[in-house]
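Visitor: My questions concern the predicted model and sequence given below.
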Amino acid sequence: MEIEGQVALVTGGNRGIGEGFVDELLAQGARRIYVGARSIDDARAAAARAPDRLAPLELDVTREDQVAAAARDCPDVTILINNAGAFRMQSLMGAPDLSDLRAEIETNYIGLVAMCRAFAPVIRDNKGGAIVNVLSAGGIVAVPSMGGYSPSKFAGRAASTCLRAELAPWNIHVSALIVGSVDTRMASHVTRAKSAPRDIAKAGMVAIRHRIDEHDTDPHAIEVRAFLARDAHGLAQSMARPFLAQQD
């Protein structure tokens, strides 16, 4: 599948990795890109730089009414980028209540599935296309400091596999992107080297073009995958060590 001439929708397209996807889709010749954001003002500001090809879209993926409205108002979509995400920086036991966990699950898993359910018929009616789910290295190895985020990305990964099988007869390919450290507001607390959002988007374009099921997008994600294959127990222990030290 080539990007040129396609119509895409990017959730969380006003900043971070989502903005990187919008920029890369523009560069690779997408005909039209819907820029989804929870705030219509944020969506309009993001779309203003290329009003002939970018269309603002108020879209909170946790709101069923807005997801349904988006599917109704964007009938020409052939590529869906499920990028919107929530990370509340809480552990499962350390959080004061379950509200952060619920927000992460609602956005990163249920919202992703809701968007796929709403837009798969749209993409099918446009003769097929692609769905890209932006996941995380925290979706292939459990990270205790990402208490609700990591499990939600595991769920998103499993959903991607299920949806890939379900949507193949509709000529819709589902790619899962495994993303490591990226230079975004969500990862502002991370001190290690971080990739640029645009680089993640470029990897996403490769996944679309070559129908890659699961794609590690950056050096950190590749490193985590390699470490997991080499020493899964050691990786799990290294992730848990800060919490074990606190208990000692």
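Guide: Ah, there it is. Model, not experiment: these values are computed from the prediction.

Visitor: List the residues that contact the residue sitting nearest the centre point of the chain.
Guide: Nearest to the geometric centre of the chain sits Val134, at 2.3 Å (Cα atoms, centre = their mean). Each residue near Val134 by Cβ atoms under 8 Å, 6 or more residues apart in numbering is listed here: Ile17, Ile81, Asn82, Asn83, Gly85, Leu177, Val179, Ile200, Gly204. C-beta here means a position set from N, CA and C on the backbone, and glycine is covered the same way.

Visitor: Pull the most distant pair out of those residues.
Guide: Gly85 and Gly204 (14.2 Å; Cβ to Cβ).

Visitor: more crowded one of those two?
Guide: Gly204 (30 against 26; other Cβ atoms under 10 Å).

Visitor: Run through who's touching stretch 21-28.
Guide: With contacts defined as Cβ under 8 Å, 6+ apart, stretch 21-28 is touched by 3-4, 6, 8, 10, 13, 33, 35, 46, 50, 53-54, 79, 81, 83, 197-198, 200-202, 204-205.

Visitor: taking the residues you listed one by one, which sit in helices?
Guide: Ala46, Pro197, Arg198, Ile200, Ala201, Lys202, Gly204, Met205 (DSSP state H).

Visitor: How many neighbouring residues does the first one have?
Guide: By the measure other Cβ under 10 Å, the count of residues near Ala46 is 23.

Visitor: Which residue is the nearest non-sequential neighbour of it?
Guide: Counting by Cβ to Cβ, 6 or more residues apart in numbering, Ala46 lies nearest to Asn14, which is 4.0 Å off, once chain neighbours are set aside.

Visitor: Now do the same contact list for the one you found.
Guide: Taking Cβ under 8 Å, 6+ apart as the definition, contacts of Asn14 comprise Val35, Ala37, Ser39, Asp42, Ala43, Ala45, Ala46.

Visitor: in this structure, which helix or strand is least confident?
Guide: Here the helix or strand of the chain ranked lowest by mean pLDDT, DSSP states H and E is helix 232-247, holding a mean of 63.

Visitor: Check the offset of the helix ranked longest in the chain from the chain's centre.
Guide: In the chain, with assignment by DSSP H, the single longest helix is helix 149-167. Using Cα atoms, centre = their mean, to the nearest Å, the distance from the centre of helix 149-167 to the centre of the chain it belongs to is 11 Å.

Visitor: Now it: buried residues?
Guide: 149-157, 159-160, 163-164, 167 (16 or more other Cβ atoms under 10 Å).

Visitor: Stretch 44-54 now?
Guide: Arg44, Ala46, Ala47, Arg53, Leu54.

Visitor: What is the nearest of those to Arg211?
Guide: Distances from Arg211 to these, taken by Cβ to Cβ, are shortest for Arg53, at 24.9 Å.

Visitor: sorry, back to before: what's opposite the residue nearest to the centre of the chain in the beta bridge?
Guide: As for beta bridges, Val134 partners with Leu177 under DSSP bridges.
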